[in-house]
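Chemist: below are the sequence and a predicted model; questions follow.
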Amino acid sequence: MAFTRRVDQEAVALQRQGELTAFPPLTGQEAAQVGSAYALQRQDFAFPSYREMGVAIVRGVDLVEYLRAYRGDWNGGLYDLYAHNFGPIASSVGSHALHAVGWAMGAALDGGGKAAIVYFGEGATSEGDVHEAMNFAGIFRAPVVFFVQNNQWAISVPVARQTAAPIHRKAEAYGFPGLRIDGNDVLAVHAATAEALERARAGGGPTLIEALTYRLGAHSTADDPTRYRQAAEVEPWRAQDPLLRLAAQIDDEDFTRQVVEEVEERVRDLRTRLLSAPRAEPEEMFEFVYAEPPATLAAQREELRQWHS
């Protein structure tokens, strides 16, 4: 969790320095991501949205390759999806819920013993893809966990304007369990997710988990949350910071200090490796799509060449 927080901070700094084109911070949501990811087994598959770097870290994804997706490399997200059973970054809100259910159904047809988990925010529950996925999963008892990080804001839309009913109650309409948990308690998150995944692997069908948490920072590096929410709302959630809560439970200052030192060393190494990683050439964005590029694409390519010259 500490490493996830520091990489998150470093990624924002890199974007401000022009090294990344954009980045969606996750500060405040570390317990929801790390706790749930540690409940996964090797054979399970995680389907992230665009904010699940904490899950990627737990699954062992190479962060240089992960962060290249935010650097603007046309082939960013260069990590091997199957090396760690961690899917591609899904920026189209809610679309990957369908992918997760499809994978889960395939796993069930192959004999079971595997489960999928799909991550999205409360805003995605307003997307039709999510409801289609949950309906299909409920009918066919797909081994999948729908993990909703309710961070209270879908960009600038508060959760009160997103849904008229508690999100976890939506599972009732599709015939499977739904539960609400403290998303800032890493141990509670792990316990609830582990139980849901085990039930899925055993053929018990899907579960919807609503993890109550809070996005302490901006929606993305292009966002200014002070334009739509008050500081007075944020402060009580800062007091529930998942890292502070875990540190209080551990209650060992020497251990905490050691963790901080190790994390700083790892982050420095990550920054060095990312900045030295090769960059994709701009013209590569025009390749590997058409055998014979249309005239419009050729014109755009020529325009790029002239601009660089």
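Modeler: Okay, I see it.

Chemist: who are the contact partners of the residue nearest to Ala124 when sequence neighbours are not counted?
Modeler: Leaving aside its chain neighbours, Ala124 sits nearest to Gly94 (4.0 Å; criterion: C-beta to C-beta, 6 or more residues apart in numbering). In this view, the C-beta of every residue, glycine as well, is placed from N, C-alpha and C. Residues near Gly94 by C-beta atoms under 8 Å, 6 or more residues apart in numbering: 120, 124-125, 127-130.

Chemist: let's see it at 6 Å
Modeler: By C-beta atoms under 6 Å, 6 or more residues apart in numbering, Gly94 lies in contact with 120, 124, 127, 129-130.

Chemist: how near is Ile89 to Leu197?
Modeler: From Ile89 across to Leu197, the span is 22 Å (C-beta to C-beta, to the nearest Å).

Chemist: out of the two, which sits in the more crowded spot?
Modeler: Leu197 (24 against 20; other C-beta atoms under 10 Å).

Chemist: just the element for the residue nearest to Ala124, please.
Modeler: For Gly94, there is no enclosing helix or strand under DSSP states H and E.

Chemist: please tell me how far it sits from Thr272.
Modeler: Taking C-beta to C-beta, one finds Gly94 at 36 Å from Thr272.

Chemist: who's in contact with the residue nearest to Arg71 when sequence neighbours are not counted?
Modeler: With sequence-adjacent residues excluded and distances taken as C-beta to C-beta, 6+ apart, Arg71 is closest to Leu20, at 5.3 Å. Contact analysis of Leu20 by C-beta under 6 Å, 6+ apart lists 14, 70-71.

Chemist: how about the nearest residue to Ala187, chain neighbours excluded?
Modeler: One thing to correct before we go on: residue 187 is Leu, not Ala. Gly35 (7.0 Å).

Chemist: in which helix or strand would I find the one you found?
Modeler: Using DSSP H and E, Gly35 maps to helix 30-37.

Chemist: count of residues packed around Arg268?
Modeler: The burial count for Arg268: 12, using other C-beta under 10 Å.

Chemist: test for you: state the pLDDT assigned to the residue nearest to Ala124.
Modeler: You'll see Gly94 listed with a pLDDT of 94.

Chemist: average model confidence for the helix holding Gly35?
Modeler: Average pLDDT, helix 30-37: 99.

Chemist: packing partners of it?
Modeler: helix 53-59, helix 186-201 (3 or more C-beta pairs under 6 Å, 6 or more residues apart in numbering; DSSP states H and E).

Chemist: could you rerun that using 7 Å?
Modeler: Packing partners of helix 30-37 (3 or more C-beta pairs under 7 Å, 6 or more residues apart in numbering; DSSP states H and E): helix 2-16, helix 53-59, helix 186-201, helix 242-250.

Chemist: list the buried residues of stretch 296-309.
Modeler: Applying a neighbour-count criterion of 16 or more other C-beta atoms under 10 Å, one finds Arg301 buried in stretch 296-309.

Chemist: what about that stretch, average pLDDT?
Modeler: 91.

Chemist: off-centre distance for that stretch?
Modeler: Put simply, stretch 296-309 sits 35 Å off its chain's centre (C-alpha atoms, centre = their mean, to the nearest Å).

Chemist: next one: stretch 257-270
Modeler: Using C-alpha atoms, centre = their mean, the offset of stretch 257-270 from its chain centre is 22 Å.

Chemist: can you check stretch 166-183 too?
Modeler: 20 Å.

Chemist: so what touches it?
Modeler: 31-32, 122, 125, 134-135, 138, 148-150, 188-189, 192, 205-213 (C-beta atoms under 7 Å, 6 or more residues apart in numbering).

Chemist: ok, now with 6 Å
Modeler: So stretch 166-183 is contacted by 32, 122, 125, 134-135, 138, 148, 150, 188, 192, 205-213 (C-beta under 6 Å, 6+ apart).
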